[in-house]
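Colleague: need the 3D shape of this:
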Amino acid sequence: MFLSTILFCTCTMIHAEQQPKAEWYRYYDKNGVANISTSVTPAHIKYGYEALDRNMQVIKRNKAYSVERDLQQSTSRASEVRKLEQDARLKRAYGNSTVATNKKNEILQNIKQQINLQNQNLKQLQNDRIILKRQEMEYYRKGNTVPVILKDRIKYNAENIARSKEYIGNLQNNYQSTQSYYDDIINRLKRLE
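Modeller: Here you go, the predicted model:
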């Protein structure tokens, strides 16, 4: 134990000696004149500067600050932060991709059941329409006028068929959008795993 402590302290001192401390900071102004100081000034940041050790050897070079570049990077940083926040929310909400897959399958199954139910309803409405139209044709064949009640039933039946078809289309669109939404979530969660 004692030997390892001595070895650690020795390695730490050697490492500390290998990394020289910046004593001076040098920048070149717009005329190419070198300016040196013991602290970093706004001019150093504006033109970029070099950190020098006590022997005036360059330790590190820092690029000039550019407002335009910083603005460009700030939008990409903001979008990256938003993406990370969304990923964290997804991780909290689902935990992993298996849970999200199960949720996706459950929701899609419910939508499929609704579509099947609406298709059955549409089929029944279409069968009713056939019966109503036959009744209407029977009145025409006999030369009688079609009762107003029958005309209204045919009209309401046609409206219900149109609504049912529209609702089925909305459910199919909902199915597609839900599927792509959960596929995106699952792919993002897989990248986080």
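Colleague: wasn't residue 40 part of a helix?
Modeller: No. The assignment for residue 40 (DSSP: H, G, I helix; E, B strand; the rest coil) gives coil, which keeps it out of a helix.
Colleague: make 20 the starting number, not 1.
Modeller: Will do, 20 is the new start, and the previous item becomes residue 59.
Colleague: tell me where this protein has helices.
Modeller: Per DSSP state H, the chain carries helices over the ranges 21-37, 61-66, 86-113, 116-161, 167-211.
Colleague: want to try JSON lines for these, with mean neighbour count, mean pLDDT and distance to residue 55 as columns?
Modeller: Bear in mind the C-beta positions are built from the backbone N, C-alpha and C, glycine included. Converted to JSON lines, the helices of the chain look like this (neighbours: other Cβ atoms under 10 Å; pLDDT from 0 to 100; distance: least, Cβ to Cβ, whole Å):
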{"stretch": "helix 21-37", "mean neighbour count": "9", "mean pLDDT": "48", "distance to residue 55": "24"}
{"stretch": "helix 61-66", "mean neighbour count": "14", "mean pLDDT": "79", "distance to residue 55": "10"}
{"stretch": "helix 86-113", "mean neighbour count": "11", "mean pLDDT": "86", "distance to residue 55": "25"}
{"stretch": "helix 116-161", "mean neighbour count": "13", "mean pLDDT": "96", "distance to residue 55": "56"}
{"stretch": "helix 167-211", "mean neighbour count": "14", "mean pLDDT": "95", "distance to residue 55": "48"}
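Colleague: okay, those helices in JSON lines with distance to residue 43 next?
Modeller: JSON lines is the format used below for the helices of the chain (distance: least, Cβ to Cβ, whole Å):
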{"stretch": "helix 21-37", "distance to residue 43": "19"}
{"stretch": "helix 61-66", "distance to residue 43": "11"}
{"stretch": "helix 86-113", "distance to residue 43": "26"}
{"stretch": "helix 116-161", "distance to residue 43": "54"}
{"stretch": "helix 167-211", "distance to residue 43": "45"}
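Colleague: residue 64 and residue 84 touch, don't they?
Modeller: Yes. Contact criterion Cβ atoms under 8 Å: residue 64 and residue 84 qualify, at 4.9 Å.
Colleague: how is the chain divided into domains?
Modeller: 21-84, 86-113, 115-211 (automatic domain parsing).
Colleague: chain center to the shortest one: distance?
Modeller: This means domain 86-113. Centre-to-centre, domain 86-113 and its host chain are 10 Å apart (Cα atoms, centre = their mean, to the nearest Å).
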